[in-house]
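S.K.: predicted structure and sequence below. I'll ask about it afterward.
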Amino acid sequence: MRWLASLSAICAIWLCRVSAQTNDSAPALSTCVTNCIFEFIPASGCGADAACLCDSTVYTNAVQKCLQSNCPAKEALLAGRYQSTACGEPVRSEDTTTPRVVWTMFATAAIGVVARLIFRNPYARGHGYGADDWTMLLALIILIPFNAVVHLMTKAGAGRDIWSLEPDNITMLLHTSWMEGILYAVLMTIVKVSILLLYLRIWTAGSTDNITFRRACFILIGINIAAGIAIALSVVFECMPISYAWTRWDGEHQGTCIDYSAQSYAISAISVILDLVTFMLPIGKLANLPLSKGKKFGVCFVFALGLLATAASMVRLAYLIRDSTSPNFSLWLAPIATWTSLECNLAVICACLPAMAGLIQKVWNYTCKGKNWSSRRGSTNIDNVRLSSLHTPAQYYDEGGAYRYHSITLPEITKTSLRQHISAEHVDSLRAGRPDKRGYRQNTNEVFLDDGAIEMASRNSPYEQAFTAQQTSTFR
């Protein structure tokens, strides 16, 4: 009632006069509203001066308190509509901006997920699909109804003044806002779990150096899932009965609700903290890669781009703090819905950036450099293969640019041509795709050529990983 009362606070006798002068056929204001209007006119010092009443803060506040205490919400809403017309206030509407932003970002997110799936496809020389890919595909599927709900919010009245809406539109607006909150919690949880599963796929369990990092990933997965469930349930049951969440505005229904502002602040704060921890977790690992400073910065930059989603979440929180107590809630719901959608879509896009970069590099190599993009592994030019100086656990980039991680030890082989370590005869057998069990032994490490693959392992441990010549070709 408080927010509706404030919309009608300036409503005075001049509204009736304006209505008569313009032959307005709209229904007259209720006795409750007119009583509040007349009661405080003497104290305003404006008399029947409509312009003065429009600008009088003292009069506005007095009528606001009266309407809040005595008048039904729908009657106050009607009074606010009259006041807006009589005072010549401009019609405010932001309901076209949000849909354009939402669907543009969704198209970009869909392209990112498709690029990720293409890049990982074994027939496109990818490394196959993992749990991180399937969870990201699930996130894209949920992103469709999420963006649709945001679109429906604008259709219902988000971005317009509350007094310009019909009662049914206000109910629908609150209902879609409630659904958006649930989908937001589910979607962001799945995206962050997918990112953490990607970390587990990159930093495998084969090395003792990864134990602490992987434990942190598993703990974060559990925390994200628990937080997502808690947030979703807090939105579902924010009011009792549940339907009171979208019917309470009219004052005609009975129920109880938790503090909406406190709930919104808590959800946004939790989301920002989990975003920061999730996206920043691998930066230390990436910073220790045996790469040049330029490449190392590029890799860290791609992963850190996930903080764009966190930035959107912070902007959303700023809008909540500024506007959550505003009586004209339908107007401020538009920017909040826009930034919420930006956060979710950006999270999906940023999670797919490494694969998108890899696919772009593959296409560039294929179209501009004439490199082979065959699905046959081992079809590369072995003359150009170089091996990096690796430490346990070891890192490398495949040709497409997607970051991979393997637990092998090869400290003695540096960035020198493979021919310096393996005889030309063995290299030729590899290029021809013929099995060759002979290999090069250096200290405690071995390099074997077998069916077009380069296998590296410690002399005292079983073979841990197998690389194709193509997969090592970026260390040139």
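M.R.: Structure's in. What do you need?
S.K.: please parse this protein into its domains.
M.R.: 2-86, 97-365, 382-472 (automatic domain parsing).
S.K.: show me where the stretch 51-200 of the chain dips below the pLDDT cut-off.
M.R.: Along the stretch 51-200 of the chain, the parts satisfying pLDDT under 70 run over 95, 124.
S.K.: those helices in it, which residues are they?
M.R.: 57-70, 73-86, 97-120, 131-156, 167-202 (DSSP state H, counting those that start in this stretch).
S.K.: show me what the last one is packed against.
M.R.: Here helix 167-202 touches helix 131-156, helix 211-236, helix 244-247, helix 260-280, helix 329-351, strand 403-406, going by 3 or more Cβ pairs under 8 Å, 6 or more residues apart in numbering; DSSP states H and E. The way it works is simple: take the backbone N, C-alpha and C, and place the C-beta from them, glycine included.
S.K.: in TSV, list the helices of the stretch 51-200 of the chain along with mean neighbour count.
M.R.: Supplementary listing: the helices of the stretch 51-200 of the chain in TSV, determined by neighbours: other Cβ atoms under 10 Å:
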stretch	mean neighbour count
helix 57-70	18
helix 73-86	23
helix 97-120	19
helix 131-156	20
helix 167-202	21
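S.K.: in TSV: those, plus distance to I231.
M.R.: Output for the helices of the stretch 51-200 of the chain, formatted as TSV (distance: least, Cβ to Cβ, whole Å):
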stretch	distance to I231
helix 57-70	31
helix 73-86	29
helix 97-120	21
helix 131-156	14
helix 167-202	4
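S.K.: quick one: which of those is nearest V315?
M.R.: Closest of the helices of the stretch 51-200 of the chain to V315 is helix 97-120, at 12.8 Å (criterion: Cβ to Cβ).
S.K.: what packs against that closest one?
M.R.: Packing partners of helix 97-120 (3+ Cβ pairs under 8 Å, 6+ apart): helix 131-156, helix 329-351, helix 353-368.
S.K.: export the ones you listed to CSV and tack on distance to T212?
M.R.: Shown next, in CSV, are these (distance: least, Cβ to Cβ, whole Å):
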stretch, distance to T212
helix 131-156, 20
helix 329-351, 23
helix 353-368, 23
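S.K.: of all these, which one is nearest L289?
M.R.: Among the helices and strands packed on helix 97-120, the nearest to L289 by Cβ to Cβ is helix 353-368 (13.5 Å).
S.K.: thinking again about what came up before, out of the helices of the stretch 51-200 of the chain, the one nearest C352 is which?
M.R.: Closest approach to C352 among these (Cβ to Cβ): helix 97-120, 3.5 Å.
S.K.: ok, back up a step: select, out of the helices and strands packed on helix 97-120, the one closest to E180.
M.R.: Using Cβ to Cβ, the helices and strands packed on helix 97-120 put helix 131-156 closest to E180, at 5.0 Å.
S.K.: what is the closest one packed up against?
M.R.: helix 97-120, helix 167-202, helix 329-351.
S.K.: distance to I37 for the ones you listed - can I get that in a markdown table?
M.R.: Shown next, in a markdown table, are the helices and strands packed on helix 131-156 (distance: least, Cβ to Cβ, whole Å):
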| stretch | distance to I37 |
| --- | --- |
| helix 97-120 | 35 |
| helix 167-202 | 22 |
| helix 329-351 | 24 |
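S.K.: out of those helices, which is closest to A230?
M.R.: Closest among these, using Cβ to Cβ: helix 167-202, at 8.5 Å.
S.K.: now the angle from that closest one to helix 329-351?
M.R.: Computed by axes from the mean of the first three to the mean of the last three Cα atoms, to 10 degrees, the angle separating helix 167-202 from helix 329-351 equals 20 degrees.
S.K.: and the angle from helix 167-202 to helix 131-156?
M.R.: In terms of direction (the same axes, to 10 degrees), helix 167-202 departs from helix 131-156 by 170 degrees.
S.K.: closest to G45 out of the helices and strands packed on helix 97-120?
M.R.: helix 329-351 (30.2 Å).
S.K.: now the angle from the closest one to helix 97-120?
M.R.: Here helix 329-351 runs at an angle of 20 degrees relative to helix 97-120 (the same axes, to 10 degrees).
S.K.: now do helix 329-351: which elements does it pack against?
M.R.: If contacts are counted by 3+ Cβ pairs under 8 Å, 6+ apart, helix 329-351 sits against helix 97-120, helix 131-156, helix 167-202, helix 260-280, helix 307-323.
S.K.: picking up where we left off before, pick the most deeply packed of the helices and strands packed on helix 167-202.
M.R.: Mean neighbours per residue, mean count of other Cβ atoms under 10 Å, is largest over these for helix 329-351, with a mean of 25.
S.K.: alpha carbons of that helix, in CSV - could you do that?
M.R.: Provided in CSV are the C-alpha atoms of helix 329-351 (Å, rounded to 0.1, in the frame of the first residue of the first chain):
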residue,chain,number,x,y,z
PHE,A,329,8.7,-0.6,-8.7
SER,A,330,7.5,-1.5,-12.3
LEU,A,331,9.8,1.2,-13.7
TRP,A,332,12.9,0.1,-11.9
LEU,A,333,12.3,-3.6,-12.7
ALA,A,334,13.4,-3.0,-16.3
PRO,A,335,17.1,-2.2,-15.6
ILE,A,336,17.3,-4.9,-13.0
ALA,A,337,15.8,-7.5,-15.4
THR,A,338,18.2,-6.3,-18.1
TRP,A,339,21.3,-6.6,-15.9
THR,A,340,20.1,-10.0,-14.6
SER,A,341,19.8,-11.3,-18.1
LEU,A,342,23.2,-9.8,-19.0
GLU,A,343,24.8,-11.6,-16.1
CYS,A,344,23.3,-14.9,-17.1
ASN,A,345,24.1,-14.6,-20.8
LEU,A,346,27.6,-13.3,-20.2
ALA,A,347,28.3,-16.2,-17.8
VAL,A,348,27.5,-18.7,-20.6
ILE,A,349,29.4,-16.7,-23.2
CYS,A,350,32.6,-16.3,-21.0
ALA,A,351,32.5,-20.0,-20.1
